[in-house]
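Visitor: Take a look and give me a structure for this.
(one chain, ligands or ions: 1)
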Amino acid sequence: MPNVAIVGATGAVGQEFLKILAERNFPVGELRLLATKRSAGKKMVWQGREIEVQETTHDSFKGIDIALFAGGSSSAEYAPSAVKSGAVVIDNSSAYRLDPDVPLVVPEVNPDDVKWHKGIIANPNCSTIIMVVAMKPIFDLAGIKRVVVSTYQAVSGAGREGIEELENQVRSWANGDELKNHTFPYQIAFNVIPRIDVFQEGDYTKEEWKMVKETQKIFHVDDMAITATTVRVPILRSHSESINIETERKVAIEEVKTAFQKAQGVIVVDNPAEDQYPMPWFSSDSDEVYVGRIRQDFSIENGINLWVVGDQIRKGAATNAVQIAELLL
Ligand code: 2RA
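Guide: Presented below is the predicted three-dimensional model:
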């Protein structure tokens, strides 16, 4: 059985790794939990085993077969050491995603890309993963010419601090206290913030460029036209996305619906007559991407509109990484 290390084991994604490894009965020999110095010494119980969290160092990976990195700056620092020790790294940070020597993998979309890894496999950004799972059935059916996406991203995308900030602000508001913000640039409770991560080229944010460039890499279509607006909303842990797709070929909307019914990793919730559509409150804590509001875009020749929701911590991060590890096995 492979020996597995989790780097960033005490954070929101790290904790989800523990849950998902257990839920999916992933075979684990030794489980090594690594984190910053601050968390070292903490004890955690996983599947009846008590495990002490260790500080991540360059020597932490001896004997490890698979290293799951939860994200953050530790990846750029320690992933090369893990690879040198003989581990395969599955990395949830953005450090290696666009590196041409590193496959960027969503198992429902491009599973074969794991085959050419050289020690590191990158897990895409959460909003990208959720979008590409929903794009895949349409891509296979009719080809994709252009995508216009607007996201409604949960505070969990900013980790445990993001979740705590929203909870604290709601509590402060209920108590009549001042609302304080540290993680987000403005108050997030009862607000939406149309900026995730830093501004970059053309006044697009880093998150928006991730959705463009990562999607092109995953589908191996460098010139797929994609434009994104990414927005933080006061939701705890599922991201929602309004996706407009222009296809290469004309397809009937019924064909699209049938393709979604058969698609891997997708649950269709689309019954306007019964007022049913995906919503983040109901999709949280599950591994599938929920697709609904499937309808023709009447403003162009070959257009489709979708409303897509997925748990950011699970399919958007930890589940996708564990699925990649399953492909490796
Ligand atoms: C966010 N995409 O939602 C980020 C997390 N990877 O902030």
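
Visitor: Run through the stretch 51-200 of the chain and note the low-pLDDT ranges.
Guide: In the prediction, the stretch 51-200 of the chain carries no residues with pLDDT under 70.

Visitor: Would you map the strands across it?
Guide: Secondary structure of the stretch 51-200 of the chain by DSSP state E, counting those that start in this stretch: the strands cover 54-55, 66-69, 88-91, 120-122, 144-152.

Visitor: So what touches the shortest one?
Guide: Read it as strand 54-55. Contacts to strand 54-55, defined as C-beta atoms under 8 Å, 6 or more residues apart in numbering, come from residues R32, L33, L34, A35, T36, K37, A40, S60. For the C-beta atoms, the positions are set from N, CA and C on the backbone; glycine is no exception.

Visitor: how close does the second one sit to the ligand?
Guide: Okay, so that is L33. 21 Å (C-beta to the nearest ligand atom, to the nearest Å).

Visitor: about what we covered before: burial-wise, tell me which of the strands of the stretch 51-200 of the chain comes out on top.
Guide: Highest mean neighbour count of the strands of the stretch 51-200 of the chain: strand 66-69, a mean of 28 (counted as mean count of other C-beta atoms under 10 Å).

Visitor: ok, residues contacting it?
Guide: 2-8, 17, 61, 75, 78-79, 82, 87-93, 321-322, 325, 328.

Visitor: Make a PyMOL selection of whichever of those residues turn out to be buried.
Guide: In PyMOL, this line selects whichever of these come out buried by 16 or more other C-beta atoms under 10 Å:
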select buried, resi 2+3+4+5+6+7+8+17+61+75+78+79+82+87+88+89+90+91+92+93+321+322+325
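
Visitor: Residue numbers of the stretch 1-150 of the chain in contact with the ligand?
Guide: Within reach of the ligand by C-beta under 6 Å from any ligand atom, the stretch 1-150 of the chain has these residues: N125, C126, S127.

Visitor: Take these and keep only those in helices.
Guide: Secondary-structure check on those using DSSP state H: residues within helices are C126, S127.

Visitor: Turn the residues of the stretch 1-150 of the chain next to the ligand into CSV, including neighbour count.
Guide: Converted to CSV, those look like this (neighbours: other C-beta atoms under 10 Å):
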residue, neighbour count
N125, 30
C126, 28
S127, 29
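
Visitor: Backbone torsions only: list them for the residue of the chain most remote from its centre.
Guide: Largest separation from the mean C-alpha position in the chain: G176, at 35.0 Å (C-alpha atoms, centre = their mean). With angles defined as degrees, to the nearest 10, G176 sits at phi 80, psi 20.

Visitor: Find the closest residue to the ligand in the stretch 201-329 of the chain.
Guide: Closest approach between the stretch 201-329 of the chain and the ligand, counting by C-beta to the nearest ligand atom: E207, at 5.5 Å.

Visitor: which ones are touching that residue?
Guide: Residues counted as contacts of E207 (C-beta under 8 Å, 6+ apart) are N125, S127, T151, Q153, I196, D197, A228, T230.

Visitor: repeat for G8
Guide: Contacts of G8 (C-beta under 8 Å, 6+ apart): G14, L34, A35, F69, A70, G71, G72, S74.

Visitor: in the chain, what residue is nearest the ligand?
Guide: G157 (1.9 Å).

Visitor: Pretty sure I196 is one of the things that residue touches, is it not?
Guide: Yes. Applying C-beta atoms under 8 Å as the test, G157 and I196 come out as touching, 7.1 Å apart.

Visitor: hmm, back to that, now do the residue of the chain closest to the ligand against Y78, distance only.
Guide: 23 Å (C-beta to C-beta, to the nearest Å).
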